[in-house]
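Fold the stuff below for me.
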Amino acid sequence: MAQLSEPERSSTLQQRGFRVQAPLVESVSCYCRVDAGLKTVAGARKFVPGSKLCIQPDINPRAHKSKNGRRERPRIQPPLLSGLPDDLAIACLIRVPRAEHNKLRLVCKRWFRLLSGNYFYSLRKSLGMAEEWVYVFKRDRDGRISWHAFDPVYQLWQPLPPVPLEYGYALGFGCAVLSGCHLYLFGGKDPLKGSMRRVIFYSARTNKWHRAPDMLRKRHFFGACVINNCLYVAGGECEGIHRTLRSAEVYDPNRHRWNFISDMSTAMVPFIGVVHNGKWFLKGLGAHREVLSEAYSPESNTWGSITNGMISGWRNPSISMNGQLYALDCRDGCKIRVYEEESGSWKRFIDSKVHLGSSRALEAAALVSLNGKLCIIRNNMSISLVDISSPNKEVASNPQLWENIAVKVREEADDEEMKKNDNDNASEKRKQKKGVNGMQEVRLCV
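The predicted model follows:
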């Protein structure tokens, strides 16, 4: 007996007065089974009441059933803020001060993912809400390192998570900030293992330390700078026959790769450096402790000499701002000089008229830019801000140009430390206080 094809069967059924409807779902989603022996739709309905005829009865009924029933449930994420769409919730969260971001990460997983991504911080930056913080490390009397961040809005120091073990007691390592929110630590010398190639970084988005690709060469007490968001290192020392190094290398965070660049003319251990007009200026000591200086140009990948006028008066922390090169002119950072390229010499720029002293605790450790002002960091973690937007004004008649901040915070910490030693006399307490400040070492990155 000849069998009818599907189109012929449908037309035959329509001629006999039966109504045939197409399935409301795709054939792969139909789970009903009709006995092939039933020749009429009426007969099929006796066994499948209320169902529509399936024109493809050989479909696997378990084709779409998942082994885990939970996966079939639709994933509906809760809103960032109850009662508000996510775009309005983000508009509210980006206005929260940076000091409170650590608390925001603890609310829920969605908030943690939001604050850990690029979108949140890039949006704050595009809207002018990004906040500049200062990162410093101090070394206690046992030689252990701890990192702290200074919030200029609240004028408070906040501790960072403990640094990884390899940098707990390291010496001569480099530090720099890339991409605006990653604090890198690289190289250095471990007291037990010697020179290192290790590279780690702290992410302000996750509030955690992470690993990065190691440097190509072990080195410590070297020079480092950031140009076009790329990290450059040069010179330094390493154990071995050729202790003083000439090699230099660069790290691109976008490619996660280190590459060698042109070697320096002579081996050097830099002790001061600055980026000015697109060039990297270095000054240090050679293999025989002679004073050397060189300048590196990233565009041509070449090293060149520096004018004698700049080298002769350049011995303290310096910075380039608004096309001008500034440097500290005293140990406590109360005087600032500026370099004039026309005359090739350093000139006096600003004098605060208030000198703090010559102790180790009050010695200026770094000079950086903070919110358009010169920021002077001292070993006792006190900070002075200098407004250089109007350099023609006299500081004595305009005290707002020179502002001392972060002093009370440090004094309160010292007072608490002195209260712990109630059994000692007052003179002994003052000696201990001075000794603690003298042992602190501060390095700075922004």
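
Check the gap between D87 and I388 for me.
For D87, the distance to I388 (C-beta to C-beta, to the nearest Å) stands at 40 Å. For the C-beta atoms, the positions are set from N, CA and C on the backbone; glycine is no exception.

These two: who's more crowded?
Applying other C-beta atoms under 10 Å to D87 and I388 shows that I388 carries more neighbours, namely 18 against 8.

Low-confidence ranges, the stretch 151-300 of the chain, go.
Confidence mapping of the stretch 151-300 of the chain against pLDDT under 70 gives the ranges 241.

What ranges does it have for its strands?
Shown for the stretch 151-300 of the chain, the strands assigned by DSSP state E, counting those that start in this stretch span residues 156-159, 174-178, 182-186, 189-190, 194-195, 199-203, 208-212, 223-227, 230-234, 248-252, 257-261, 269-276, 279-285, 291-297.

the strands in the stretch 1-150 of the chain, which residues?
With DSSP E, counting those that start in this stretch as the definition, the stretch 1-150 of the chain shows strands at residue ranges 134-139, 145-151.

right, and those - which one's nearest E299?
Distances from E299 to each of these were compared using C-beta to C-beta; the minimum, 29.1 Å, belongs to strand 134-139.

Could you list the alpha-carbon positions for the closest one in CSV?
Output in CSV follows, covering the C-alpha atoms of strand 134-139 (Å, rounded to 0.1, in the frame of the first residue of the first chain):
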residue,chain,number,x,y,z
VAL,A,134,49.6,60.2,46.9
TYR,A,135,51.2,56.8,47.6
VAL,A,136,54.2,56.6,49.9
PHE,A,137,56.0,53.8,51.8
LYS,A,138,57.6,54.0,55.2
ARG,A,139,60.1,51.6,56.7
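
Can you list the strands that it pairs with?
According to DSSP bridges, strand 134-139 forms sheet pairs with strand 145-151 (antiparallel), strand 443-445 (antiparallel).

any idea of the angle the longest one forms with strand 182-186?
What that stands for is strand 145-151. Between the direction of strand 145-151 and that of strand 182-186, the angle (axes from the mean of the first three to the mean of the last three C-alpha atoms, to 10 degrees) works out to 160 degrees.

Name the residues of strand 145-151 that are buried.
Neighbour counts over strand 145-151 (16 or more other C-beta atoms under 10 Å) mark I145, W147, H148, A149, F150, D151 as buried.

So which residues make contact with it?
Taking C-beta atoms under 8 Å, 6 or more residues apart in numbering as the criterion, the residues outside strand 145-151 that touch it are 98-99, 131, 133-140, 156-160, 162-163, 167-170, 183, 202, 381, 383, 406.

Break the chain down into its structural domains.
As recorded under automatic domain parsing, the domains making up the chain are 21-64, 80-126, 133-157+328-446, 163-306.

so where do the helices sit in the protein?
Assigned by DSSP state H, the helices in the chain fall at 6-15, 41-47, 86-93, 101-104, 109-116, 118-126, 308-312, 407-419, 426-439.

tell me which residues of stretch 233-243 are tucked away?
In terms of neighbour count (16+ other C-beta under 10 Å), stretch 233-243 has its buried residues at V233, A234, G235, G236, E237, C238.

which residues touch the second one?
Think A234. Residues in contact with A234 (C-beta under 8 Å, 6+ apart) are F222, G223, A224, S247, A248, E249, M264, M268, P270, W280, L282, Y296.

For the residue nearest to C92 when sequence neighbours are not counted, list the residues it contacts.
The spatially closest residue to C92, leaving aside those adjacent along the chain, is L81, at 6.6 Å (C-beta to C-beta, 6 or more residues apart in numbering). The neighbours of L81, taking C-beta under 8 Å, 6+ apart as the test, are L88, A89, C92, L93.

most surrounded residue in the residues you listed?
Counting neighbours by other C-beta under 10 Å, L93 leads the contacts of L81 with 20 neighbours.

can you count the residues close to R110?
Using other C-beta under 10 Å, R110 has 14 neighbouring residues.

Please indicate which of the contacts of strand 145-151 are buried?
Of the members of those, the ones counted as buried by neighbours, 16+ other C-beta under 10 Å, are 98, 133-139, 157, 160, 163, 167, 169-170, 183, 202, 381, 383, 406.

residues contacting the residue nearest to L127 when sequence neighbours are not counted?
On the basis of C-beta to C-beta, 6+ apart, the spatially nearest residue to L127 that is not a chain neighbour turns out to be I94, at 7.0 Å. For I94, the contacting residues are F120, L123, R124, L127, M129, by C-beta under 8 Å, 6+ apart.

wait, doesn't the last one sit right on L93?
This points to M129. No. With contact taken as C-beta atoms under 8 Å, M129 and L93 are classed as non-touching, separated by 10.9 Å.

Report the contact partners of the residue nearest the centre of the chain.
To find the centre residue of the chain, average its C-alpha atoms and take the closest one (C-alpha atoms, centre = their mean): that gives H182, at 1.5 Å. The neighbourhood of H182, defined by C-beta under 8 Å, 6+ apart, consists of F201, Y202, S203, A204, P253.
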